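Undergrad: sharing a model prediction with you, sequence too.
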Amino acid sequence: MESVNWYKIDNVAKVFLATCSKRDTRTLRLSCTLKETVDPEILQKAVNLAIYDRPQFQVRIRRGVFWHYLEETDIEPVVAEEHDRICPVLYVPAKAMLHYQVTYFDKRINLDMFHALADGTGAMEFLKIIILHYLQLKHPGKYQDTNILSGASEDDLGQDSYKQFFENKGLVKSESYGKAYHPRGIKLPYNQLQFFEIHMPAKQILAKAKEINVSLTSYIAAAWMLSIYGDMPPLRRNMPVTISLPVNLRNYYPSQTSRNFFNNVAVSHVFDKEISIEELAAEFDVKFKSLLTEDNIKAQMDSFETMESVAPVRAVPLFIKQKVVKYFTHRSNKKVSMVLSNMGKQSMPGELNDMVETFTGFCSSNNIFSTIFSCKEDMSLGVASPYMNTGVVKNMVRRLSESGIDIKVYATEVLK
């Protein structure tokens, strides 16, 4: 490159950089399973084309005096057959490397991305661009008129939307539930997570949510809460079970950024009396929707950005800031039992969708993290867990199965 551009890290990325570890790599994985075996040479060409559409991912994270920053890089992505763990380490301080990778296995294409670069929405768009180029190259003359690009400029795609829409209204006190229950048991070795992929017919579980007039997210969240409760020791059942849910801020602001632009809300329940899944889902639905008002989401986003606008904070050296961020993130994590992220219904445009079997995904975590993906007739839960004990996941599978939903479960092996 003739000149090197650099970009500031957004505030969420700062949290990921301060808290990533060999177990919780702060990496997300998105996968697309096609209806035909992947050709690696064509996939490599597709990735090379895709990075021209999303050049903001061709960066290295560099360390400054006060904050990290992103710098353009000429490092080329190399497509490889899947051989590493899911959600691998994609950031090593001072190491020259890309912070994403594309792998394949049989019919599946995987995009692993360090969360400091993008959230699930931005990464999913990048994966779909790769798939578009791949299918256009694999079937010459067949999908040439298909386009999934939004038409956003490079500046819009690389925008720090937290800063762009910051109104500086000051700190807002958020509701606190106190320390939440965390699943019990010994954690896996420091560099391991266990992953579960739970598939079910979308129409079956959607019917369950529709029966009691709640959202799919609320129904699945209630099922997770009950699954966690089923694993709680009696002496700890007075503790709240709290689920944190990422919220896509693009639904509240006119942003086209491919970078991080999300917030989190949390819903809590204390099992002080017997409750059915129908009752719990209805309760969860009311609480969740009350948190999703435009005023509440915008106040939370503004409060999150406020701290960096304080001059004394800006002047603190990076190594001190990272320790502070890590400390407060650790405290915040104690208030969450698990994270549930609904990525919604995924598809490719037009005839391209006929070539796709399903979409799935995971996110690394120091606690249980579940995604929800829907594609055609398939719905999947991608579960990442740091625990040797699989009781919560078993409870969830059993609960769904006993309710009449047809379940298929796949799990990774862990080293003993």
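TA: Done, it's in.
Undergrad: residue for residue, what is the longest helix this structure has?
TA: The longest helix of the chain (DSSP state H) is helix 120-138.
Undergrad: list phi and psi for residue 266.
TA: Per-residue torsions, residue 266: phi -130, psi 140 (degrees, to the nearest 10).
Undergrad: checking the residue nearest to it when sequence neighbours are not counted next. Helix, strand or coil?
TA: Nearest non-adjacent residue to residue 266, counting by CB to CB, 6 or more residues apart in numbering: residue 244, 4.8 Å away. In this view, the C-beta of every residue, glycine as well, is placed from N, C-alpha and C. Secondary structure state of residue 244, per DSSP: H, G, I helix; E, B strand; the rest coil, is strand.
Undergrad: ranking helices and strands of the protein by mean pLDDT, which lands last?
TA: helix 311-314 (a mean of 48; mean pLDDT, DSSP states H and E).
Undergrad: the closest residue to residue 350 other than its chain neighbours and residue 183, how far apart?
TA: Of all residues not flanking residue 350 in the chain, residue 146 sits nearest, at 5.4 Å (CB to CB, 6+ apart). Note on residue 146: its distance to residue 183, by CB to CB, to the nearest Å, is 44 Å.
Undergrad: more crowded one of these two?
TA: Shown here are residue 146 and residue 183; by other CB atoms under 10 Å, residue 183 has more neighbours (21 against 14).
Undergrad: who's in contact with that one?
TA: Neighbour list for residue 183: 228, 231, 337-338, 367-368, 385, 387, 389, 391-392 [criterion: CB atoms under 8 Å, 6 or more residues apart in numbering].
Undergrad: and it, which of the three is it?
TA: State at residue 183, reduced to three classes by three-state DSSP: coil.
Undergrad: so where is the stretch 301-416 of the chain shaky, pLDDT-wise?
TA: 302-319, 321, 415-416 (pLDDT under 70).
Undergrad: so for the residue nearest to residue 350, what's the pLDDT?
TA: We have a pLDDT of 79 for residue 146.
Undergrad: right, and it touches residue 353 too?
TA: No - checked against CB atoms under 8 Å, the pair residue 146 and residue 353 is beyond contact range at 10.1 Å.
Undergrad: buried ones in stretch 328-345?
TA: Buried residues in stretch 328-345, counted by 16 or more other CB atoms under 10 Å: 333, 335-344.
Undergrad: now do that stretch: distance from first to last residue.
TA: Distance across stretch 328-345, first residue to last, is 34 Å (CA to CA, to the nearest Å).
Undergrad: confirm that residue 225 sits in a helix.
TA: Yes - Residue 225: assigned to a helix according to three-state DSSP.
Undergrad: pretty sure residue 409 is in contact with residue 197, am I right?
TA: Yes - taking contacts as CB under 8 Å, residue 409 lies within contact range of residue 197: 7.2 Å.
Undergrad: more neighbours, the two?
TA: Between residue 409 and residue 197, counting by other CB under 10 Å, residue 197 is the more crowded of the two (20 against 17).
Undergrad: can I assume that one is in contact with residue 380?
TA: Yes - if you go by CB under 8 Å, residue 197 and residue 380 touch, sitting 6.0 Å apart.
Undergrad: residues that sit against both of these two, list them.
TA: Residues touching both residue 197 and residue 380 (CB under 8 Å, 6+ apart) are residue 360.
Undergrad: quick revisit: CA atoms of the helix or strand just after the longest helix of the chain as PDB?
TA: Going down the chain from helix 120-138, the next helix or strand is helix 154-157, by DSSP states H and E. The C-alpha coordinates for helix 154-157 follow below in PDB (Å, rounded to 0.1, in the frame of the first residue of the first chain):
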ATOM      1  CA  GLU A 154     -16.300   2.900   3.000                       C
ATOM      2  CA  ASP A 155     -16.600   5.700   5.500                       C
ATOM      3  CA  ASP A 156     -20.100   4.600   6.600                       C
ATOM      4  CA  LEU A 157     -19.000   0.900   6.800                       C
END
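Undergrad: following helix 154-157 in sequence, what is the next regular element?
TA: Counting by DSSP H and E, the next helix or strand C-terminal to helix 154-157 is helix 161-164.
Undergrad: what's the mean pLDDT across the next helix or strand after that next one?
TA: Moving toward the C-terminus from helix 161-164, the next helix or strand (DSSP H and E) is strand 194-201. Mean pLDDT, computed over strand 194-201, is 97.
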